[in-house]
Each structure stands twice: as structure tokens, then as C-alpha cells.
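**Q** Structure of the sequence below:
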Amino acid sequence: MSLEGSTESSNENSSTVNLNKTKKRIVISVNLSFTRYDVVKRVAESLGYSTTLENDDSFIIWSDSTVTAERCAELKPYQRINHFPGMGEIARKDCLARNLQKMQRIYSDDYDFFPRSWTLPADYTTLMNHYHELRKRRKNKTFICKPANGAMGNGIHLLQNLEKIGMHDHMVVQEYLDRPLIVDGMKFDLRIYVLVLSCDPLKVFLYDDGLMRLSTSEYAPPSEKNIDNMFMHLTNYSINKSNENYENCDDETKGSKRSIKYLKSWMASHNYSFTTLWNSIIDIVIKTMIVAEPYLLHAYRMARPGTTSASTSSVCFEVLGMDIFVDRKLRPWLLEVNRSPSFGCDSKVDADIKFDVIKTAFSLLNLKPGEKKRALAAQKELSRARLLRPRNSLARKTQFDVRKTLLRSQLSELRRVSDQTKYEDNNCGKFCRIFPARTSVQTEYVNLLNAAFRTFLAGRGSLLEPKSHQGMLQHLRESELLDMLQQCEHDEMEAQSAQAEAAAAAAATAANPPVNKAPVKMQPLHNKMRPWSSPPPSPFPFSRYVTSPTSFSSGTPVNEESSSIRSNFRSRRLKLHSDDIETSLRKSNAILLKQIDSLFKEDTPEPKGKYIGGPKKTSALTSVPFRSKKIVFNSIIKYKHKSLLSCNINNLSDKTMSIDKRVVSKASTSSHNRFCRCPEVCAKIKSSYMKPYR
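**A** Numbering: from 1, shown residues only. This next block holds a predicted model:
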């Protein structure tokens, strides 16, 4: 075999190996097995996504029906589904009326954008009382009755006589708005599209255009003759499309279905302010989503515990269709919220608007093909770290490590949110971010949001993290976090250096132990005594039985009587019971009087004595003014019951009283305990040679 042939065969083998090693390109797929609308398929194809009917690992799952919490819990981190669990709290007509009424009781001026409503059968009595009161005033009101969970105009009818309503009917009754804004002689409403991109934190976008749906019969105020004409009083497409007067036209200025752009030009031609109307609609949308946010966040956290905005993006998004009624004063009213609006396209206006709504919503999801691989790898790594935890991970972290970890996570989250916000602003198309608002009204909306959490989650608020609904780190900037992280590192270095210095000092001390120093000399207490003319500053520390005071002359007793009392205490321990309390009090008072006599009998300077730590010269005692024995006696009687312990002497309880076992004659060597507050009195006794255990 020639050399050239061998090289050619080796090249062919290497090329086949390289082809085998090339990985299959990952393409974003959309699961269409739960939808019947062809516009979703056309949007996916226009973005280069693949469509499937059976693959459960699709990036996007589009469903025409609601999604349960269990289905949401099964989703992988890279998947997205077009419904939130818990959105029924504003999508159902009865739930919407009940929740808006709850907020209206707190903020009546802010939540006055929906008709007065009654939810049956709970509000049947209130409704009938209101109806009879109107009859007494001879006012004829028209009411519109809607099924609690109806859709597409099914079961809606008008009534002027509410006696026909059964007590147990399940429906929502509203006051009929009979003064609409008329365009070309027809009543109309607006279908606006709202994109909820996340509930943790709440992100709401409003589409800049929408549909203007007109009735197919000229409007007239409701009466007994036309009250059953649904083509006049209702604007639902599913009802009016069966009328022979329904016009399906590709021209935006004609037909029974037009765009909001046409309404804008029509209002400009009639000198109406479309900007004022649109700002009021934005306010209605935000306040309605504020009502839904507590339920959305609670249901999402229950379905996917441990997954917040800090760890991963929301796996749910939703395109809502809100119906807005405009009266002749250009005041918008919220009629209902549709969580599965119709995306059927029977006209050019329908196709253009709905196609762009879905396409922009898919673009704002910011899906990337590599997210699937990264999500699966992160999930495996998390499981491995949980099962094979290293031993060093059990080591105790310092406060600086915890602080730095928290700051770094906040910094990464802030950067991720900032990048995501920039991407959304650059790719939102005709969608406009309305919450979080970038105006001064944001503070008012946050207050309403806090009130909604307190109202709807009064018993379940502890399950939610504080201030999570306000968005993370809104009050912090990247520069502030960097400064905080740098300061934490600086504090850690200082703590480590201080610890190293302390260790070095301890080692040096262990190598060269210090020589025992002489004890510190105790200063005499009599220099800091207060005059006895004023009451003592602290409770008198003597108990009922104390040693007799001694004179200040070389430790000799003042008289024989005090010496005998002292010797008696050496030989016995006295116990008294409740029967002898009176007698003991008399005896103790007599002894106290004798102590006072001996204490102030003579006022002579204190002689030189030996203090702890060696001899020291002492100055003569200042003369103590003594006004009356009664002052000292009353002070002793007043405070002696409040002192639990005194110098080596225990007070007696209510039933039994005893003296400490320690002999009182050893008062010269006694010491202050931690309950002792008697520096003045103890200095008067021979116990002036005390130890400093203060």
C-alpha cells in the first residue's frame, strides 16, 4: 500500500470521527399540543423555533386552558408556560368582584373603576334591599347578570325586575352602565393586552395597541322593548359575529372590529384627549394586578418552593385580555379580565395585533438554547453537593464570610436584574413597562401593594419573605454594594491582624511568665463618706441583729455592753418564728439605738492603722454632724427590709429569721459581698480593714 493511499484513508477516518463528535444543535421548541390557534405556530416559525405536539422537554408550552399548581411544579428551570397558578382570583367574575370590593373598603377613592357588583348567593339579601330601596324612590335601574365562571358572553342577560332572580343562583349582578361613548352610533369596548412577565417581583407590560369591538345594532338606552337585544347592549365578538350586520373588513377605519389607533385618531378629530384616557387605563391595569399579586406570589411559592428571582427566572408568564368600557365622560371602567383571550384571527386587524403580541411576548422571555444544558448541569451539581458533602463544609464560618457571601449574592443578583431590565427595554416592541413604574406614582402603588398583602394574606403572610413583592435591591446600587463589600474585606483583615497580635502576645507571655506583683493598696473608705445629716443614698445594709459598733481607738470596744453583745453572738445562732416577730423587732430597735449612741458618742480622729498591702498614713476623720438620732433610726428602719444580704449577715424571711453562721466578731476581717452597698456604715465599725471585693 502506498503512502499516499494510507494518508488519504487516515484523513477519511479522522473526518468521520469528527463528524461523529459534532454535537446536535439545540433549537428552542414550542409545544402546541394544548392550543388550537394557528397564530402561535406562525409566531414560532417566524422566530426560528421548532414546533412539537408530544415533546415534554419543550422550552415553551402554550395552553389555551388554565394550569394547575402541580403542572407548574413539574416544569424544569429552562421551561416556560403561559399561565400563572392563582390568576383565577381576577379572571373569574365572582372572584374579581369580591377582591376589588375588599380593596374598595380600604381605598374607596382608588378602587372606584368597576361597576357596583353583588355576588350571589352570598349577597342576595343586600341586593334585594338595594332593589327595594330604588323602587321606593321610583328609580328604574337596569342590571346585568353574568355567570360566575362564564366566558364568551354565554349566559349574560339584562334585567330590570330582580324578583326573577332565584335565591340560590350562582352569578354576578352588576349595575348596567347605560351612558357609553358612542362611535358611529354604536356602543363599543376596548380589548387591551397585558403581559405579566413575572410575579416575583411583579413585572407588568401593556401593549400600546388593541382592539376596539363595536356592537352590531345602534345603541339606545335599555327599555322593556330592547332589553333582550344582545346585539345592542353587548360587544362580545362571539355574540355579534352571528348578526347579519356584522362587518368583517380589513380596513382599520371600518368594520365591527377596529384598532385602538383608530379610536385615537377619532378622539383627536372630536377634540377629546386620548392621553388622559390611556393614562387612566394604565392606572386601572396596575391596580387590578396589585389585587392579584398576593395570590400569584403565594401560589407560585407553593408550587415551586425555594425558587425566587434571585436563583432563577420565572417559569410562568401570561398574556391577559382586559375589557374596558368608556362612558360619555371619557371615564374608563373595568368589565372583566380574561386569562385565555381568544387569538383567533378572522380579519387583518386581528392577525396583525395578535401576531405581534405573541411574538413580542416570546422575545421578552429571553430564552437561549444553552439554558437547557446549563440548567440540567446545575441541577446535577446541586444533587451531588447535597449527597456528597465534604467535611470542610461543616466548618463554622465567620461572620465576615457570611457577610461577604450575602453581599456577593446581592451584587450578582443586582447585575442580573440590571441586564434583564436592559434587555426588556430594548426588545419590548410595542409593549410598555407599567410596573414597576418609573414615575413618582410608584410609591403610591407600593403602598397599595402592601395593603393588598395585609388584606388578602393576613394568615399566610409569614410564608412570604418580607418585601419580596417590592422587588429585590431596589434601594441599592451597584456602587454601594461594592463599597460595602470592600469595607467588609477591610474589617476582616483588621480582625485577622488583631487576632495574630493577640496570639503573639499570648505566646510571649507563656515564654516569659510575669513576676508576682504586690497587691494593690486599698484606699480608706472614710474619705468618701457622706454626712449623716442627709438620708443615706442606698438601703441600709444592717440586718435586724448586727454587731455592736466599736470605737476608733486601737480596736477596743466602746463599752462593755457592746462587748457582751458581741460575745453572745459567738456562742449561739438565733432562730425566730412568726409568733416572735414583734418581740424581735423591739429588741432589734433597742440594739440599734444603743449602736447609734456608741457610734456618735465621740467624734475623734481615726488613729493610724494597718491596711491591706502595708502601713499607710491616714488623715483624721472630719467631724460628722449629727442632728438627731431619729434621722438615722428611721433610715435604718426604712431600708433594712429591702436589703437581701449585708456584710456577712443574712436577713430573715417572713416566718424564720437567722443570723449567719459566720461569727460577727470576725467583722474586722469581713469583706463586702456583691449585694453590699454600705461603704459609709462599714467604715464606722472596726471592719475598716476590708478586702476590696466590691
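
**Q** Quick one: neighbours of the closest residue to residue 448 other than its chain neighbours, just the number.
**A** Nearest residue to residue 448 in three dimensions, chain neighbours excluded: residue 290, at 5.2 Å (Cβ to Cβ, 6 or more residues apart in numbering). In short, each C-beta sits where N, CA and C put it, glycine included. When counting by other Cβ atoms under 10 Å, one arrives at 25 neighbours for residue 290.

**Q** Residue 290 contacts residue 447, correct?
**A** No: contact criterion Cβ atoms under 8 Å: residue 290 and residue 447 do not qualify, at 9.9 Å.

**Q** what about the stretch 1-150 of the chain, any weak spots by pLDDT?
**A** Where the stretch 1-150 of the chain drops to pLDDT under 70, the residues are 1-25.

**Q** average model confidence for the biggest helix by length in the chain?
**A** Counting by DSSP state H, the longest helix found in the chain is helix 478-511. Mean pLDDT, helix 478-511: 83.

**Q** could you say what helices and strands it packs with?
**A** Counting contacts by 3 or more Cβ pairs under 8 Å, 6 or more residues apart in numbering; DSSP states H and E, helix 478-511 packs against helix 399-427.

**Q** immediately after the helix it packs on, which helix or strand?
**A** Downstream of helix 399-427, the next assigned helix or strand under DSSP states H and E is strand 431-435.

**Q** Can you give me the distance of residue 295 to residue 436?
**A** Distance of residue 295 to residue 436, computed by Cβ to Cβ, to the nearest Å: 19 Å.

**Q** Those two - which one has more neighbours?
**A** Of the pair residue 295 and residue 436, residue 295 is the one with more neighbours under other Cβ under 10 Å, namely 22 against 18.

**Q** is it true that that one touches residue 84?
**A** No: under the criterion of Cβ under 8 Å, residue 295 is not in contact with residue 84, lying 9.1 Å apart.

**Q** just the angle between the helix or strand where residue 443 lies and strand 431-435, please?
**A** Following DSSP H and E, the helix or strand that holds residue 443 is helix 442-456. Interaxial angle, helix 442-456 versus strand 431-435 (axes from the mean of the first three to the mean of the last three Cα atoms, to 10 degrees): 70 degrees.

**Q** for helix 442-456, which positions count as buried?
**A** Residues of helix 442-456 classed as buried: 444, 445, 446, 448, 449, 452, 453, 456 (neighbour count, 16 or more other Cβ atoms under 10 Å).

**Q** Mean confidence (pLDDT) on that helix, please.
**A** Mean predicted confidence for helix 442-456 is 89.

**Q** ok, of the buried residues of helix 442-456, which one's closest to residue 256?
**A** Proximity of the buried residues of helix 442-456 to residue 256 (Cβ to Cβ) peaks at residue 445, which lies at 35.8 Å.

**Q** Could you confirm residue 174 falls within a strand?
**A** Yes: counting by DSSP: H, G, I helix; E, B strand; the rest coil, one finds residue 174 located in a strand.

**Q** Let me know how buried it is, in neighbour terms.
**A** 18.

**Q** For the helix holding residue 443, which helices and strands make contact with it?
**A** Short answer (3+ Cβ pairs under 8 Å, 6+ apart): helix 442-456 packs on helix 93-106, helix 274-303.

**Q** how far away is the closest residue to residue 203 other than its chain neighbours from residue 303?
**A** In this structure, residue 203 finds its nearest non-sequential neighbour in residue 197, 4.2 Å apart by Cβ to Cβ, 6+ apart. Per Cβ to Cβ, residue 197 is found 17 Å from residue 303.
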